[in-house]
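Chemist: Kindly return the folded structure for what I paste below:
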Amino acid sequence: MNDSQQWHVYPLRVRYEETDQMRVVFHGNYLTWFEIGRTEWIRHAGYAYRDIEAAGLLLPVIDVDCKYIKPARYDDVVLVCTRIADYSPVRLAFESQIRLGDASHLAAGGGLHDGAELDKRELLAAGGTRHMWVNASFKPTRLDRSMPELYTMLQQCVQGS
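Modeler: Next up is the predicted model:
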């Protein structure tokens with residue numbers, strides 16, 4: 001992965017329903033936030049999951065990891081940070097971070113940010129997801145053959161073009 005690759009950042013406010021009896025965000029919600037990050041990363045890049053699926057491609061999760069560093073709490077603003085960790089014609093991996101934000105991030109909305117800027121924000125969780133491109137029958141498929149324009153976009157994002 002290109003370490004200079006920018007992160008796509010999507011701000012969220014922690015809702016009460018996302019917290020548990022300990023008054024912190026329930027651990028499973030971080031994986032939901034990773035999914036939101038992936039969806040918004042792809043949307044920002046000019047695609048929608050809906051359109052990719054309509055083209056007959058699916059992108060199931062085949063592996064996930066998450067390291068919990070510090071809890072998020074009700075009403076916190078969190079930044080869902082997402083970028084491509086690795087890709088090939090048949091696989092795609094995302095790197096994800098959840099960082100503490102503030103109200104100014106909500107007002108600004110989502111967008112691209114460099115790592116140095118984000119490093120100033122407190123890291124709450126880090127991990128990622130790995131996926132495989134499959135067709136509607138869940139058979140592995142090559143993205144460069146089935147949707148070459150999407151594969152080219154992934155290459156350009158990772159290479160910083």
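Chemist: so what does the top helix by length along the chain touch, helix or strand wise?
Modeler: Longest helix in the chain, counting residues (DSSP state H): helix 27-44. Contacts defined by 3 or more Cβ pairs under 8 Å, 6 or more residues apart in numbering; DSSP states H and E place helix 27-44 against strand 7-13, helix 49-54, strand 61-68, strand 77-87, strand 91-100, strand 123-132. For every residue, glycine as well, the C-beta is placed using N, CA and C.
Chemist: from the chain's centre, how far out does it sit?
Modeler: 5 Å (Cα atoms, centre = their mean, to the nearest Å).
Chemist: Next, the angle from that helix to strand 91-100.
Modeler: Taking axes from the mean of the first three to the mean of the last three Cα atoms, to 10 degrees, one finds that helix 27-44 is oriented at 110 degrees with respect to strand 91-100.
Chemist: next one: phi and psi at the residue lying farthest from the centre of the chain?
Modeler: Computed with Cα atoms, centre = their mean, the residue of the chain farthest from its C-alpha average is residue 21, at 27.0 Å. Backbone geometry at residue 21, expressed as degrees, to the nearest 10, gives phi -60, psi -20.
Chemist: So it versus residue 94, what's the distance?
Modeler: 30 Å (Cβ to Cβ, to the nearest Å).
Chemist: Any buried residues in the helix or strand bottoming out on mean pLDDT in the chain, and which?
Modeler: Lowest by mean pLDDT, DSSP states H and E among the helices and strands of the chain is helix 115-118, with a mean of 86. Neighbour counts over helix 115-118 (16 or more other Cβ atoms under 10 Å) mark residue 118 as buried.
Chemist: same question, stretch 26-36
Modeler: 29, 30, 31, 33, 34, 35, 36.
Chemist: One more: stretch 120-133?
Modeler: Those would be 121, 124, 125, 126, 127, 128, 129, 131, 132, 133, for stretch 120-133 by 16+ other Cβ under 10 Å.
Chemist: what residues are up against the second one?
Modeler: It stands for residue 124. If you count contacts by Cβ atoms under 8 Å, 6 or more residues apart in numbering, residue 124 has them with 68, 69, 70, 71, 72, 78, 98, 99, 100.
Chemist: Much appreciated, bye for now.
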